[in-house]
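J.: any chance you could fold what I've pasted below:
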Amino acid sequence: MISEGTIIENQIRGKIKELEERYGIELSTTQKILLSIREPITIILDVLYGEVNLFMLGQHVEEANADIAKLLDLNEGEKVDYREVIVHKHGRPLVYALSYVPISRCSEKVINDLCKEKLTTGNIIEKYNVETLRRINNISIEEPTPQLQELFKTDENMLTREYVMVQHGKIKIWTKEAYPLSYFRE
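T.: Numbering: from 1, shown residues only. You can find the predicted model right below:
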């Protein structure tokens, strides 16, 4: 039997453990997977629940303010696609996502697909075979905004993760996902 070896380091596992200790909770295996996966979350939701749907809450192009510019490592005032979606199953919201996409770092085809309501940002990246590195910047538990309280019909805290998709050292997409702490406990 093999009993020796080197422990495999995993920063996300450490962040999840810190979160559990700070809040005195134990996250489910599914929640841990959803927080740590480096692929589109919709893939896991589809496997767990069958076909899921995307609903566009809002989308527009805006100039990056100082906070958004910092998140995307670009200059203040550059054009950014702002996109809010809900992934749902039969009208029940599963995950809320907010994404910022720097317009100058995307092809015209990608921008055109961003404007369509049928594709997630992860699906668009896959469609055009854009090789990106996904880096999870933060996982946390946060109080819900009024918008999230209304969408999920609850005032319970939200599990969140923030990540970026990076290509050639440049951030292509910044995303924050959120869902109620009681979700995905099975």
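J.: hey, let's count contacts and neighbours off CA atoms from now on
T.: Will do.
J.: which residues of this structure score low on pLDDT?
T.: 1, 114-125, 127-132 (pLDDT under 70).
J.: can we see that at 50?
T.: Nowhere does the chain drop to pLDDT under 50.
J.: tell me where it has strands.
T.: 53-63, 79-89, 92-102, 133-142, 158-167, 170-180 (DSSP state E).
J.: as CSV, those with distance to residue 108 would be great.
T.: Below are these laid out as CSV (distance: least, Cα to Cα, whole Å):
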stretch, distance to residue 108
strand 53-63, 14
strand 79-89, 13
strand 92-102, 12
strand 133-142, 21
strand 158-167, 17
strand 170-180, 14
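J.: residues contacting residue 177?
T.: Residue 177 is in contact with 95, 96, 97, 98, 160, 161, 162, counting by Cα atoms under 8 Å, 6 or more residues apart in numbering.
J.: not counting sequence-adjacent ones, nearest residue to it?
T.: residue 97 (4.3 Å; Cα to Cα, 6 or more residues apart in numbering).
J.: check contacts around that neighbour.
T.: 84, 85, 86, 175, 176, 177, 178.
J.: top of these by neighbour count?
T.: Counting neighbours by other Cα atoms under 10 Å, residue 178 leads the contacts of residue 97 with 24 neighbours.
J.: wait, that one sits on residue 96?
T.: Yes. Under the criterion of Cα atoms under 8 Å, residue 178 makes contact with residue 96 at 5.2 Å.
J.: now the helix ranked longest in the chain against strand 158-167, angle please.
T.: Looking across the chain with DSSP state H, the single longest helix is helix 11-23. Put simply, helix 11-23 runs at 160 degrees to strand 158-167, going by axes from the mean of the first three to the mean of the last three Cα atoms, to 10 degrees.
J.: how far off centre is helix 11-23?
T.: 18 Å (Cα atoms, centre = their mean, to the nearest Å).
J.: just stretch 75-82 next, same as before
T.: 19 Å.
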